[in-house]
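Undergrad: I'll drop the sequence and a predicted model, then ask my questions.
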Amino acid sequence: MRRGGEGRGRLLLISLIVTALFLITLDLRGVGLLEGARQATQTVLSPFQRAGSVAVSPFKNFFSDITHLGRTRNEIEKLRAENAKLKSVLINRKNADAQLKQLKNLLDLAGTAGYKVINARVISQGSSQSFAQTITIDAGATAGIKKNMTVLSESGLAGVVKDVYPRTALISLATDPTFRIGIRIAGTQQIGILSGRGNRSSNLQLIDNLTTVKVGDILLSRGSVANRPFVPGVPVGYVTAVDNSAGAIAQSATVHLYTDFATLGVVSIVVGAPTINPGDALVPAKPQPTPVPTVTVYATPSPSPTN
């Protein structure tokens, strides 16, 4: 029995080998038997392959979307960072341009009057010691700055040096309520005292009761003994209103200061006054009114009707 089983197994193995060789020979000779078998197999398996592809596709799309979303978020964050950096650069550029313009105007003003000045940047507003209206600049004693020196803005008077440190200085602004300066009206020798009110609107008190002042009058610094704290000829402001109250000892007026204290970026400290009083050399030119454009209309007569 055992030998018979082994014989049938050998016979089956030989038959399979012969069949395989036969099929390979047919395939090499171009007979499409195997190709047909492969196509049939593919036809049978194709629905299952499509079903598997459809079943797996949502998962592939899900993971693809998750990966794409992560990349998109990273790109958005990167763009936001670049946008913030560009905004910072733009702000710094605008500040630099504004300071450059102020410095040019300061040099023009000081050069016209013959003031010897030291230019400095404003590094902070206000004082940590009090509620006085002050600014701090980035130049001090090592640069030659001393107390009670006149401080200029691009438009005129900004204030006076209050305290000096080695590399910084504290400036009391003309808006401070404790600020006082002697002034004169441009074009005349009429004098008065100007005091701060906490903003660009200051109070003028004329000394002589015979002196008159009118709206539009321009005020200049009168100058102090030895040119400290104030050098002469600095534009201060112009009169916006006059108080003619009956019984007043002298006239008083409201003055609008030339300096825009909210935009101070650069100032100049006068360390040397001119040998000759500049007089009215720094009186600002009055702004010219903007011309109103005119329009010329040409009328064309209508043709008369013909009978």
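TA: Okay, I see it. Numbering: from 1, shown residues only.

Undergrad: Could you grab the helix/strand/coil label for residue 276?
TA: Put simply, residue 276 is coil when judged by DSSP: H, G, I helix; E, B strand; the rest coil.

Undergrad: pLDDT score assigned to it?
TA: On the pLDDT scale, residue 276 is placed at 91.

Undergrad: Equivalent analysis for residue 250, please.
TA: Note for residue 250: predicted pLDDT of 76.

Undergrad: Excluding residues flanking it in the chain, which one is nearest residue 142?
TA: Closest residue to residue 142 apart from its sequence neighbours, by Cβ to Cβ, 6 or more residues apart in numbering: residue 166 at 5.4 Å. C-beta: built from backbone N, CA, C; applies to glycine.

Undergrad: Let me fix that, I meant to ask about residue 204.
TA: What sits nearest to residue 204 in space, not counting adjacent residues and going by Cβ to Cβ, 6+ apart, is residue 253, at 4.4 Å.

Undergrad: And for residue 119?
TA: Computed as Cβ to Cβ, 6+ apart, the closest residue to residue 119 that is not its neighbour in sequence is residue 268, at 5.2 Å.

Undergrad: In which helix or strand does that neighbour reside?
TA: Taking DSSP states H and E as the criterion, residue 268 maps to strand 266-272.

Undergrad: give me the number of residues near residue 111?
TA: Neighbours of residue 111 under the rule other Cβ atoms under 10 Å: 10.

Undergrad: quick one: it from residue 171, how far?
TA: With distances taken as Cβ to Cβ, to the nearest Å, residue 111 is found 22 Å from residue 171.

Undergrad: ok, now residue 224?
TA: In terms of Cβ to Cβ, residue 224 sits 17 Å off from residue 171.

Undergrad: who has more neighbours, these two?
TA: Ranked by neighbour count (other Cβ under 10 Å), residue 224 and residue 171 place residue 171 first, with 26 against 17.

Undergrad: helices or strands up against the strand holding residue 268?
TA: Packing contacts for strand 266-272, counted by 3 or more Cβ pairs under 8 Å, 6 or more residues apart in numbering; DSSP states H and E, involve helix 33-113, strand 116-125, strand 134-137, strand 150-152.

Undergrad: Could you tell me the least trusted of these?
TA: Mean pLDDT is lowest for helix 33-113 among these, at a mean of 69.

Undergrad: what about the stretch 101-250 of the chain, any weak spots by pLDDT?
TA: The model of the stretch 101-250 of the chain has pLDDT under 70 over residues 127-131, 246-248.

Undergrad: So which residues of it form strands?
TA: All strands of the stretch 101-250 of the chain, identified by DSSP state E, counting those that start in this stretch, fall at 116-125, 134-137, 150-152, 157-164, 169-173, 180-185, 191-195, 201-206, 218-221, 235-243.

Undergrad: Please identify the deepest-packed of those strands.
TA: Most buried of those, by mean neighbour count (mean count of other Cβ atoms under 10 Å): strand 150-152, with a mean of 28.

Undergrad: In terms of secondary structure, what does that strand contact?
TA: So strand 150-152, by 3+ Cβ pairs under 8 Å, 6+ apart, packs with helix 33-113, strand 157-164, strand 266-272.

Undergrad: From the rest of the structure, what touches it?
TA: Defining contact as Cβ atoms under 8 Å, 6 or more residues apart in numbering, one finds that strand 150-152 is touched by 106, 109-110, 115, 117, 157-161, 171, 221, 227-231, 234, 267-270.

Undergrad: Can you list the strands that it pairs with?
TA: Using DSSP bridges, strand 150-152 pairs in its sheet with strand 157-164 (antiparallel), strand 266-272 (antiparallel).

Undergrad: Using TSV, lay out these together with distance to residue 181.
TA: Below are the strands paired with strand 150-152 laid out as TSV (distance: least, Cβ to Cβ, whole Å):
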stretch	distance to residue 181
strand 157-164	7
strand 266-272	14
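
Undergrad: Out of those strands, flag the one nearest residue 100.
TA: Closest to residue 100 of the strands paired with strand 150-152 is strand 266-272 (Cβ to Cβ; 8.5 Å).
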